[in-house]
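*Asks:* Predicted model and sequence follow; I will ask about them next.
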Amino acid sequence: MNTRHCLALVTTASVFSFAACDQAPAPKPPAPHGAATPAPAPAPAPSASATAAAPAIDPSTWKTSSSADDANTLEVAGFRAPKPASWVWTKPSVQFRTLQYAVAGDGDSTQSADFIVSVFLAGDGGPLDANIERWRSQFRVGDKPPDVIRSTKTLGPLQIELIELAGEYLSMGAVAPRADYLQLAAIVQANGRNVFFRLVGPKATVEANREAFMTLVDGIIPAN
């Protein structure tokens, strides 16, 4: 083989050698000595809705208004609300009344109404509808119970059922029904308890205090 052929073979071999080097992957650099294994990414934090829980209640910390307290507010079941000074604190007359006020009407005492607050912890007091039906059974229009005027409202975290009943009224223990009575009620569904606010009495007296009743309901706030 002459010198020209030898040079051609050497050159061709060199080209293939460099081409092979260009196509081969570059070797990975060795890991540093003692390098730590990367930690896994942390799990996402639970959403607020998943972790949020209603605070525990402690009824022993609840104050209940007395005759010695501010005449313009009431406090019960961990709540505070505005009320007319003319509503006078009285000792609750029957069981299950946590707080009671006398609401004067025009004329003699037969025209006065009662403002009543009852508090039931969760699981006590029965279903709301059963309580509403019990109230309804105390009223008569002719020979039948009256229709219930019912609505709902939201006050911050509180769900409130508003109830209105009218007709002849026969309260527990009464000998005879009393004509032309009206009851306004607000059932406040709160954390761990239901609070029943009721204004019941002669229609004229209750109507004269309807605005004050709704101002009280709309003004309910936590006591602390």
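*Replies:* Done, it's in.

*Asks:* Okay, now the unreliable bits of this structure?
*Replies:* 1-54 (pLDDT under 70).

*Asks:* Strands along that one, start to end?
*Replies:* Listed in chain order, the strands of the chain (DSSP state E) span 73-76, 79-82, 88-90, 99-103, 113-121, 139-140, 149-155, 158-169, 178-190, 193-202, 221-222.

*Asks:* Provide the partner residues of the nearest residue to residue 98 once chain neighbours are set aside in its beta bridges.
*Replies:* Counting by C-beta to C-beta, 6 or more residues apart in numbering, residue 98 lies nearest to residue 119, which is 4.6 Å off, once chain neighbours are set aside. For glycine as for every other residue, the C-beta is placed from the backbone atoms N, C-alpha and C. Judged by DSSP bridges, the bridge partners of residue 119 are residue 195.

*Asks:* Test my guess that residue 119 contacts residue 195.
*Replies:* Yes - at 5.4 Å, residue 119 and residue 195 qualify as touching, with contact defined as C-beta atoms under 8 Å.

*Asks:* who touches both of those two?
*Replies:* Applying C-beta atoms under 8 Å, 6 or more residues apart in numbering, one finds that residue 119 and residue 195 are jointly contacted by 76, 77.

*Asks:* roughly how far is stretch 76-89 from the heart of the chain?
*Replies:* Here stretch 76-89 is found 21 Å from its chain centre; the criterion is C-alpha atoms, centre = their mean, to the nearest Å.

*Asks:* got the buried residues for it?
*Replies:* 76, 77, 78, 79, 80, 81, 83, 84, 87, 89 (16 or more other C-beta atoms under 10 Å).
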